[in-house]
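# One predicted model, sequence on top.
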Amino acid sequence: MGRLFWKFFLAFWLAPALPALGAWLVLRPPIERRAASDTAVVLGVSYGGYVALSPAVAAQLFGMQGLGGTVGMLYTGSGVGALAGPPAAGWLIDTTGSYRVAEIAALVIAFGSFLLLLAALRRPASVGEPAPATATAQPS
């Protein structure tokens, strides 16, 4: 039930709205209680969808062979970001005296990741990769 809900929710509502929600979180007035709770809701929904859908999306993009390793690499990347991000943001905040710089840096990094994702999805298959399956009949 969880993945079915997230697939529908993400595809039809959340995916088109996430860039606008992220920009709103960065460009809003300074944090107050309401903005902090809004941030927590958007972060919780986004990360919950990521965790629920990552294996299904990885299987669709890369196939079932080696899926454990693929999902492991995805989660390792998230872990490295979770380990390095908060200290880097804290350093930016301490250095500049403002949360705004750290928020903008996070937005720039997220946008750069989005551009890399688009480039990876549009790249042609390389020489060693199998060709996509076609519906042509094989001679017997």
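Yep, it's here.
# ok, Leu92 to Pro86 distance?
Distance, Leu92 to Pro86, using C-beta to C-beta, to the nearest Å: 11 Å. C-beta here means a position set from N, CA and C on the backbone, and glycine is covered the same way.
# Looking at those two, which is more packed in?
Neighbours per residue (other C-beta atoms under 10 Å) separate Leu92 from Pro86, with Leu92 holding more: 19 against 11.
# pLDDT of the strand or helix carrying Ser78, averaged?
When elements are assigned from DSSP states H and E, Ser78 belongs to helix 67-96. What helix 67-96 shows for mean pLDDT is 91.
# so the very next helix or strand once past that helix versus helix 67-96, what angle?
Moving toward the C-terminus from helix 67-96, the next helix or strand (DSSP H and E) is helix 99-122. Compare the direction of helix 99-122 with that of helix 67-96 by axes from the mean of the first three to the mean of the last three C-alpha atoms, to 10 degrees and you get 150 degrees.
# Which positions within helix 99-122 qualify as buried?
Residues of helix 99-122 classed as buried by neighbour count (16 or more other C-beta atoms under 10 Å): 102-103, 105-106.
# so which of these would you say is closest to Ala59?
Ala106 (28.9 Å; C-beta to C-beta).
# how many neighbours does the residue nearest to the closest one when sequence neighbours are not counted have?
Nearest non-adjacent residue to Ala106, counting by C-beta to C-beta, 6 or more residues apart in numbering: Ala89, 6.9 Å away. Neighbour count of Ala89, defined by other C-beta under 10 Å: 16.
# for Ala89, what are its contacts?
102, 105-106 (C-beta atoms under 8 Å, 6 or more residues apart in numbering).
# just Ala88 next, same as before
Going by C-beta under 8 Å, 6+ apart, the list of residues near Ala88 reads Ala105.
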